[in-house]
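>>> Provided below are the primary sequence and the corresponding predicted coordinates.
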Amino acid sequence: MQGILKFHRGIMKMSWPIKAWLGILIAVNVVVPIFFIERVESQVVLATMFLSANLMFVLTARYGFTRILGLGHILWIPLAIWLAFRIGEISSGETFGLWIRGVIVLNSTSLVIDVVDVYRYFAGDRKELVPNL
């Protein structure tokens with residue numbers, strides 16, 4: 001429970017551009033899939049987001065609100081690959097197809113940021129991202 005609370009306190013204390021980016025990721029990975037819930041891709045995106053969030057809570061409880069949180073998105077790698085293989089079957093001319101492509105682009109962009117953060121963590125940058133949590 002402590003990891004969940006600390007994680008959310010950390011998010012709330014981050015700068016508004018970071019909160020805006022996280023808001024976009026949450027909208028794309030949690031809110032939009034609800035509109036397409038009958039599609040397996042939406043169900044997998046939601047399940048992956050749920051598992052990733054729980055992994056981040058565990059990481060926060062163990063290592064604090066540090067750059068290691070980038071590992072919380074590790075499940076997005078197989079998700080992006082799986083969606084990329086499915087994209088040929090999904091028309092880009094429909095809203096669902098545009099959303100799938102958006103998930104791939106946005107989550108892949110986030111993964112690049114995560115790789116940098118995790119590298120920095122293992123290189124020694126282990127300070128809390130937000131002080132006084």
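Thanks, I have the structure now.

>>> Okay, buried residues for whichever strand or helix holds residue 50 please.
Element membership for residue 50 (DSSP states H and E) is helix 40-63. Neighbour-count burial for helix 40-63, counted by 16 or more other CB atoms under 10 Å, picks out 41-42, 44-46, 48-49, 52-53, 55-57, 59-60, 63. C-beta coordinates here come from the backbone N, C-alpha and C atoms, glycine included.

>>> In the protein, mark out all the helices, start to finish.
Ranges of helices within the chain are 2-12, 16-26, 32-35, 40-63, 76-86, 95-122, based on DSSP state H.

>>> Of all the ones you listed, which one is nearest residue 130?
Shortest separation from residue 130 across those is recorded for helix 2-12, at 4.8 Å, computed as CB to CB.

>>> what residues does that closest one touch?
By CB atoms under 8 Å, 6 or more residues apart in numbering, the surrounding residues in contact with helix 2-12 are 19, 22, 56-62, 64-65, 69, 128-130, 133.

>>> repeat for stretch 48-68
Residues from elsewhere that reach stretch 48-68 (CB under 8 Å, 6+ apart): 2-4, 6-7, 9-10, 29-30, 69, 71-76, 79, 117-118, 120-121, 125-130, 133.

>>> Let's see that with 7 Å instead.
Contacting residues not belonging to stretch 48-68 are listed as 2-4, 6-7, 10, 29-30, 69, 71-73, 75-76, 79, 117-118, 120-121, 125-130, 133 [CB atoms under 7 Å, 6 or more residues apart in numbering].
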